[in-house]
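Undergrad: What would the 3D arrangement of this be:
(2 chains)
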Amino acid sequence: MTKTSIEDLIKNAKLVLDLKVSNKKVVLKQLIKLFELDELHENLLYNSVLQREEMGSTGIGNGIAIPHTRSMVVTDMMIAIGRPEKPLDFDAIDGEPVRLIFLIVAPPYGSKSEYLILLGKIAETFMEISSNDKLFTFQDEEAFKEELCKLFSK
Amino acid sequence: MNKQLLLLISLQELDILKKDKEKEEEVGFELEDLQQMEKARAKIVSSIKDHIYRKYNRLTKRYGNAVVPVVNNICQGCYLVLPIQMISPEQKNEIVTTCPNCGRILYWAD
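TA: Purely as a prediction, here's the structure:
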């Protein structure tokens, strides 16, 4: 995936910097809601994301979760980013709560490599990020996205 | 929405997940619960009518995907512009229909 396309995805990403959520299922529902789909599509997408989570948590450690799926509900790859108000239990592989969640959805047809490359890029970038990184403190959405783009361009 | 269609969509998404497993592991995810995946698949299959499941398998074998969305009246499997008279707006997603060109099962996404 090119730097530009990651930047475009981030620029167009749905974002909530103070998610008030109590558990994993609620956070997934809330992030899916950001895509503004109708109820049927919302439910289909939720089931698909949940189905994936049941096969193994997408909480990859270091406070990051990347729930994802390929679903017919969407025609283009989309991202919703949520930063919970308080660290949230996500059954992460290191057992630690998550502080940043990237929900990635892509259509089942077309190139799957772009989607998998994005998953890999986020995982790789955030494996090394410190828990004190300023990304966790931004209150301004634009500043947050700008910082995110900088991280991905490294 | 037609329940059979709903089940087919779930089945296909599970099959895609299975197909992506190896690649996901390459980028660092762990998909450990294969038994759970097979159980979930079997449960879905048990609720799908035999002739529809046979069609699903046949199409998957041939094209890699049996259910495709229709966007702007275009089958996203073979890109045929579907004849307008093929289905009434009320019947969309309420009956299981197939593309007159490629035969894939259609899901109206818009």
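Undergrad: Heading C-terminal from the host helix or strand of residue B:45, find the next helix or strand.
TA: Secondary-structure element containing residue B:45, defined by DSSP states H and E: helix B:34-47. Moving toward the C-terminus from helix B:34-47, the next helix or strand (DSSP H and E) is helix B:50-63.
Undergrad: and the following helix or strand past that next one, anywhere near chain A?
TA: Beyond helix B:50-63 in the direction of the C-terminus, DSSP H and E gives the next helix or strand as strand B:67-71. Yes - counting by CB under 8 Å from any CB of the partner chain, contacts between strand B:67-71 and chain A involve B:67-69, B:71. C-betas here are computed from N, CA, C, even on glycine.
Undergrad: helices or strands up against the helix or strand containing residue B:106?
TA: Taking DSSP H and E as the definition, residue B:106 sits inside strand B:105-108. Applying 3 or more CB pairs under 8 Å, 6 or more residues apart in numbering or on different chains; DSSP states H and E, one finds that strand B:105-108 contacts helix B:3-26, helix B:50-63, strand B:67-71.
Undergrad: Name the surrounding residues that touch the second one.
TA: The reference is to helix B:50-63. Residues from elsewhere that reach helix B:50-63, judged by CB atoms under 8 Å, 6 or more residues apart in numbering or on different chains: B:4, B:8, B:11-12, B:15, B:45, B:48, B:65-67, B:77, B:96, B:98, B:102-105.
Undergrad: Just the buried residues out of these, in PyMOL syntax.
TA: Here the buried members of the contacts of helix B:50-63 are turned into a PyMOL selection, burial being counted by 16 or more other CB atoms under 10 Å in any protein chain shown:
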select buried, chain B and resi 4+8+11+12+15+48+65+66+67+77+96+98+102+103+104+105
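Undergrad: The spatially closest residue to residue A:151 that is not a sequence neighbour: neighbour count?
TA: Nearest-residue entry for residue A:151: residue A:125, 5.5 Å, with adjacent residues in sequence omitted and distances by CB to CB, 6 or more residues apart in numbering or on different chains. Around residue A:125 there are 16 other residues, counting by other CB atoms under 10 Å in any protein chain shown.
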